[in-house]
Each structure stands twice: as C-alpha cells, then as structure tokens.
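> What follows is a predicted protein model with its sequence.
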Amino acid sequence: MRNMLPPRIVVFATVLIGTLAIMPFAVVAWTRSSPSSGRPIHIVQDMDYQPRFDTQTVNPLFADDRAMRPQIPGVVAVGQSMDDVHFSEGVVDDAWAAAIPEMVPLTMETLKRGRERYNIFCSACHGYSGYGDGIVNQRAMAAMANADGPIYGTAWVQAKSLHDPEVRDQAVGQIYNTITHGIRNMAGYAAQIPPYDRWTIAAYVKALQKSQDATIQDVPPQERARIEP
Ligand code: HEC
C-alpha cells in the first residue's frame, strides 16, 4: 500500500499551502476578537474617513495656525441672539418690554401687517376677534361632543382668549415672547414668523385687546361728544 501514497513533496506542499490558506482567516478572527487602539482596517473607504480639523486643533494654512477661525466682524450666525434684546427677546431691563422696539414703527401700516399675519397664523385657533373660538377650536369642540367620544382620543386645550384679564394685562414684550417660544400647549412660531412680523402681530394683539376693552377715558376728549349720548 505504501507505494500508492503521493510523493512526499506533494504531501508536504499540500499541508503547507493548506496551512497558509487558513492564516488570513485566523488573523482576521484574531484581530477582530482582540481590543486594539489602532484604527480598524477599512477596506472600502467610501466617505467614512475624510481630512477634517477638530475644534482647538492646528491648521498651518492660516497665519495664526488656528483651525477655528475667529468671527468676521458684522457676521451674525444663524440662531445667534442679536445684541438688541428688546427686539430679539422682548425684554427691557430684565422685564417684558412695555413698547414695541424702535425698529418697528408704530404706524397704521404696522398694525395692518400685524392683522394680516395674525389672521394667517393665529386666527385658526384664537379666532379673528381673539376669543379663542377659531375654526380649529370649533372643529375640536364638535369632535369632543361627538356621541362616540372624542374622535382623536385626546383632550383639547382651548386656545386662550386674548381678552382674558391675565393675557390682557401682559406687556407687549410678553406677547412677543409667547409667539416666539409658544406657551404650555401652544407651539412657538419662531420658525414660521420672522421677528419683525412677530412684533407687528404683538402690536396688533394689543390693539385687538384694546378694541374689546376700551372705556370712554380712552377716547380723546374732543372726540367724546361724538359718541356720548
Ligand atoms: C394651533 C392653535 C394655536 C395657534 C395657531 C396659536 N395659538 Fe396661541 N394659544 C393656543 C393655546 C392652546 C393656548 C393656551 C395654551 C395652554 O394654556 O396650555 C394659547 C395661548 C396663547 C396666549 C396666552 C399666553 C398666556 O400667557 O397664557 C397668547 C398671548 C397667544 N396664544 C397668542 C397667539 C398668537 C399671537 C398666535 C399667532 C402667532 C397664536 N397664539 C397662535 C393655541 C394656538
């Protein structure tokens, strides 16, 4: 039988090649299972690794070697608060601003713009007159009164009446803040309405409140005779 075995050299070569052939798999298995602080071997790079500068690192491209570039004067980053907190936050001396900022002139034009914006963005819930009886509220109330119970399985928080004394007594800056950031169940409108228009709306809300809560004292004396019996 002995002479039926292949020549020794063939046996030797087969064993050697077989051993070498499993080496890559053994190496992969070994490296995958042992921790290493080195970068993993990443055969298909795609865009996983690209040159970049981390914060506070060096970049010799610039004369000052800083990767982080100083702010260019006059540039305002997106979302960065403006210096004028009256205009951007509705705050003056740490209290809600009692007047609209200088940048927004208190004119008929401004109030008309505010009315238009209010009718677009607010009236659906608060109603055209501000009593919290907008079309969305009516629909929600009808849904809640449905014999089968609330259609959407959720409670409805009515939009607050803007003539509620609690809201009526608020400074215009606080109204501006409510439009910007929302309040409790009401979402903020900073993303949809730019600051200038938020001010026109806040001014219009004050006018709307006045329209429902004026006394004869609010009428200039020379005009009173016209309306007083
Ligand atoms: C999707 C409905 C909805 C829209 C649109 C909406 N609001 Fe409201 N608003 C509410 C609800 C609901 C409340 C009461 C929130 C609560 O009490 O949880 C409220 C409350 C308020 C209040 C009372 C804040 C306070 O101090 O109690 C003001 C002021 C107000 N909204 C102004 C506005 C203005 C101005 C707009 C338009 C830019 C607007 N809202 C758009 C639903 C809405």
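That came through fine.

> Gly90 - how many residues pack around it?
Gly90: 27 surrounding residues under other C-beta atoms under 10 Å. The C-beta positions use only the backbone N, C-alpha and C, and glycine is treated the same way.

> Find the residue closest to it in space, skipping its chain neighbours.
Spatial nearest neighbour of Gly90, chain neighbours left out: Gly173 (3.3 Å); criterion: C-beta to C-beta, 6 or more residues apart in numbering.

> pLDDT wise, what is the one you found at?
In this model, Gly173 is scored at 93, pLDDT.

> Next, please give the residue ranges for the helices of this structure.
8-33, 85-89, 108-121, 123-126, 135-145, 165-168, 172-181, 195-212, 221-227 (DSSP state H).

> Can I get these in TSV including mean neighbour count?
Shown next, in TSV, are the helices of the chain (neighbours: other C-beta atoms under 10 Å):
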stretch	mean neighbour count
helix 8-33	10
helix 85-89	18
helix 108-121	16
helix 123-126	19
helix 135-145	14
helix 165-168	13
helix 172-181	21
helix 195-212	20
helix 221-227	8
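
> Relative to the ligand, which of those is closest?
With C-beta to the nearest ligand atom as the criterion, the ligand lies closest to helix 123-126 of the helices of the chain, at 2.9 Å.

> other SSEs contacting the closest one?
helix 135-145 (3 or more C-beta pairs under 8 Å, 6 or more residues apart in numbering; DSSP states H and E).

> tell me what the helix it packs on is packed against?
Counting by 3+ C-beta pairs under 8 Å, 6+ apart, helix 135-145 packs on helix 123-126.

> Any part of the helix it packs on near the ligand?
Yes. Contact of helix 123-126 with the ligand (C-beta under 6 Å from any ligand atom) involves Ala124, Cys125, His126.

> Closest to the centroid, which residue in this structure?
Closest residue to the average C-alpha location of the chain: Ala191 at 6.3 Å, with C-alpha atoms, centre = their mean.

> what does the protein put close to the ligand?
Checking the chain against the ligand by C-beta under 6 Å from any ligand atom, the hits are 121-122, 124-126, 136, 157, 159-160, 162, 167, 175, 178-179, 183-186, 189, 201, 205.

> Let me see the domain layout of this structure.
Under the assignment automatic domain parsing, the domains of the chain span 2-32, 87-215.

> Save those as CSV, and put in distance to Gly74 too.
As requested, these are exported to CSV (distance: least, C-beta to C-beta, whole Å):
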stretch, distance to Gly74
domain 2-32, 53
domain 87-215, 17
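
> looking at those domains, which is closest to Phe53?
If you check each of the domains of the chain against Phe53 by C-beta to C-beta, domain 2-32 wins as the nearest, at 29.9 Å.

> residue contacts, His42?
Contacts for His42 (C-beta atoms under 8 Å, 6 or more residues apart in numbering) come out as Asp48, Tyr49.
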